[in-house]
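*Asks:* below is the structure, and that's it, no one-letter string:
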């Protein structure tokens, strides 16, 4: 053990275990860092591996899968796997949810960050965190029992489980995310900006929309997109609140079925390895691609903003 | 400071780490497969039809009182889900409100090496429900098919000559079941003659949900097991042909086959049942088990054939295909 010591005799060296220990820790931290990539790639790989064989099956056509509204996976006479109505269902519920949630969420974030006193702020933050902790099945139950009756009473819709119901429920679920991330983004704007604005004689409102919102727009956009992600991926609540009907909606009072709800409802019955089972996994790939495109667009938009 | 003094530390730390990892591994290791013998009691896994889930639950509870050593774990999901689980060998008994298909039989035999065995444990009449304010009292099967089938001609109540009180838009709200449901397949095979349902129906995940949605929607029509009737809905009388006599789903009309949508309720096991599963199924076929069927709103096996299982199965199948 002491044989290798004389090489650097005059240096006070750290004990060898500390050097190796540090290397090891560095490795562990690096692994945690890249683990996200590994997980995403392996999830995509496994989903795609389950789905891939159907792409060459003769009962399947990609054009039909993407653009046909006819979803008849268990038909006795003519099996058709068209997911267009499901994609439109997901899109309609998500868009409505965002129309409701974005103004409300960003407004709440601005209020909490800029306008309210410290005591109100703490209370609000705790309550909003509690809101985000409500399980989605509870939201679905509220949609199914409370919201659907209100919708029938005030809109005259024949059935209360529809796009409007799902949109409201998803908006309520996305708002806490938008608020907490949006508030963080506004918090991150340096106080010198606020002081400079006030020194120039800006009112509070001018300060918000001329200084703070532009300065924090990347963070605010991220908040909105995480909200979109939550809405697109949500399953249980939309399964219960949207009425589960395969159709292109003509208004917000029509029932729809979303991609996620369809997978949840049908995967249990589909015999493993059958075409139906593989098409459901392919629906998962489709969902994955949609979120990927949303995130990529967001990334490009943010970069575009940065370059200006 | 000499290396000799510091060295013990890393070893101790390493040992500690190794110990921790070992503990974590042990904790993460899958605990032995559930089911089977567990401290003397036997667990029977039972899954399938939503139509039968209530009656299966009562069977399980009453049987537990008779035979405290045996626990029956009941879950629903639909006949297709139960049969898929049987094919995987994940359950002891699958409940089904439809017949197991030949290719499912083959899949089960290929997968587990045992051919599924069928037990008919009772009959159900599939009831057609409308809202209690709907003036319609009876309907023939062809009209029902025209409402539900893909490309069907009937989309409004006025086309059937029906005016729903207090409703401006009389578009028929079709309530259906998810495609794993045995009720869904039975309706498709016997009302739509194997053609597909029109898209856009509300496909609900349970027999009870269908009745609930119909009870709160004046323009709705739905189908579900007769055991799920409540005072908020009306059951339509069904006629096999236009102008023919219409029958309500009752015990007599189901037993004498005059109601057109009667079907058998089955249990499936992998191979000939043995031990606790066998005694459980024998108990279900006994008068005590059949009383549960009757109390749950379904039709028990005719008393003289309750003990001999194979004959009533084939009888009932011929009976239902004639209709």
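*Replies:* Looks like it arrived, so ask away. Keep in mind it's a predicted model, so treat the numbers as computed, not measured.
*Asks:* can you give me the strands for the stretch 51-200 of chain B?
*Replies:* Counting by DSSP state E, counting those that start in this stretch, one finds strands in the stretch 51-200 of chain B at the ranges B:70-75, B:93-96, B:116-131, B:138-140, B:173-177.
*Asks:* what residue in the stretch 51-200 of chain B comes nearest to chain A?
*Replies:* residue B:180 (3.0 Å; CB to the nearest CB). Every residue, glycine included, has its C-beta placed from N, CA and C.
*Asks:* and the most centrally placed residue in chain B, what's its pLDDT?
*Replies:* The residue lying closest to the centre of chain B (CA atoms, centre = their mean) is residue B:49, at 1.3 Å. Residue B:49 is assigned a pLDDT of 89 by the prediction.
*Asks:* for it, give its distance to residue A:72.
*Replies:* Noted for residue B:49: a distance of 22 Å to residue A:72, by CB to CB, to the nearest Å.
*Asks:* and for residue A:94?
*Replies:* 25 Å.
*Asks:* and those two? Which one has more around it.
*Replies:* residue A:94 (26 against 19; other CB atoms under 10 Å in any protein chain shown).
*Asks:* what's the closest non-adjacent residue to that one?
*Replies:* residue A:231 (4.4 Å; CB to CB, 6 or more residues apart in numbering or on different chains).
*Asks:* and that neighbour, that one's in a helix?
*Replies:* Yes: under DSSP: H, G, I helix; E, B strand; the rest coil, residue A:231 falls within a helix.
*Asks:* how close does it get to residue A:303?
*Replies:* 24 Å.
*Asks:* so for those two, which sits in the more crowded spot?
*Replies:* Set residue A:231 next to residue A:303 and count neighbours by other CB under 10 Å: residue A:231 wins out with 27 against 10.
*Asks:* is it true that that one touches residue A:97?
*Replies:* Yes: in terms of CB atoms under 8 Å, residue A:231 counts as a neighbour of residue A:97; the distance is 4.6 Å.
*Asks:* now the common contact residues for the two.
*Replies:* Residues within reach of residue A:231 and of residue A:97 at once, by CB atoms under 8 Å, 6 or more residues apart in numbering or on different chains, are A:170, A:174.
*Asks:* skip the chain neighbours and tell me the closest residue to the closest residue to chain B within chain A.
*Replies:* Using CB to the nearest CB, the single residue of chain A nearest to chain B is residue A:269, 3.0 Å away. Spatial nearest neighbour of residue A:269, excluding adjacent residues (CB to CB, 6+ apart): residue B:180 at 3.0 Å.
*Asks:* can you check residue A:108 too?
*Replies:* Residue A:108's closest residue in space is residue A:179 (CB to CB, 6+ apart), at 4.6 Å.
*Asks:* circling back to that earlier point, now the residue of the stretch 51-200 of chain B closest to chain A. Its backbone dihedrals?
*Replies:* phi -90, psi 0 (degrees, to the nearest 10).
*Asks:* how many neighbouring residues does it have?
*Replies:* Residue B:180, neighbours per other CB under 10 Å, totals 25.
*Asks:* ditto for residue B:290
*Replies:* 21.
*Asks:* state the phi and psi torsions of it.
*Replies:* According to degrees, to the nearest 10, residue B:290 has phi -70, psi -30.
*Asks:* find the nearest non-adjacent residue to it, please.
*Replies:* Take residue B:290 and drop its neighbours on the chain: the residue closest to it by CB to CB, 6+ apart is residue B:300, 4.0 Å away.
*Asks:* quick one: residues contacting residue B:55.
*Replies:* Applying CB under 8 Å, 6+ apart, the residues contacting residue B:55 are B:122, B:227, B:265, B:292, B:293, B:296, B:298.
*Asks:* which secondary structure state does residue B:272 sit in?
*Replies:* Applying three-state DSSP: residue B:272 is coil.
*Asks:* distance of it relative to chain A?
*Replies:* 24 Å (CB to the nearest CB, to the nearest Å).
*Asks:* check contacts around that residue.
*Replies:* Here residue B:272 is in contact with B:117, B:278 (criterion: CB under 8 Å, 6+ apart).
*Asks:* if we can go back for a sec, quick check: the residue of chain A closest to chain B touching residue B:80?
*Replies:* Yes: using CB under 8 Å, residue A:269 makes contact with residue B:80 at a distance of 4.0 Å.
*Asks:* mind listing the shared neighbours of those two?
*Replies:* Common neighbours of residue A:269 and residue B:80 (CB under 8 Å, 6+ apart) are B:179, B:180.
*Asks:* more neighbours, those two?
*Replies:* residue B:80 (28 against 23).
*Asks:* correct me, but that one touches residue B:178?
*Replies:* No: the criterion here is CB under 8 Å, and residue B:80 misses it with residue B:178 at 9.1 Å.
*Asks:* between these two, what contacts are shared?
*Replies:* Joint contacts of residue B:80 and residue B:178 (CB under 8 Å, 6+ apart) are residue A:269.
*Asks:* thinking again about what came up before, check contacts around the residue of chain A closest to chain B.
*Replies:* Going by CB under 8 Å, 6+ apart, residue A:269 touches B:77, B:78, B:80, B:81, B:84, B:178, B:179, B:180.
*Asks:* what about residue 126, neighbour count?
*Replies:* Since you didn't name a chain, this refers to chain A. 10.
*Asks:* that's the other chain; I wanted chain B
*Replies:* Residue B:126, neighbours per other CB under 10 Å, totals 22.
*Asks:* do the same with residue A:286
*Replies:* Counted with other CB under 10 Å, residue A:286 comes out at 17.
*Asks:* just to be sure, it is in a helix?
*Replies:* Yes: according to three-state DSSP, residue A:286 belongs to a helix.
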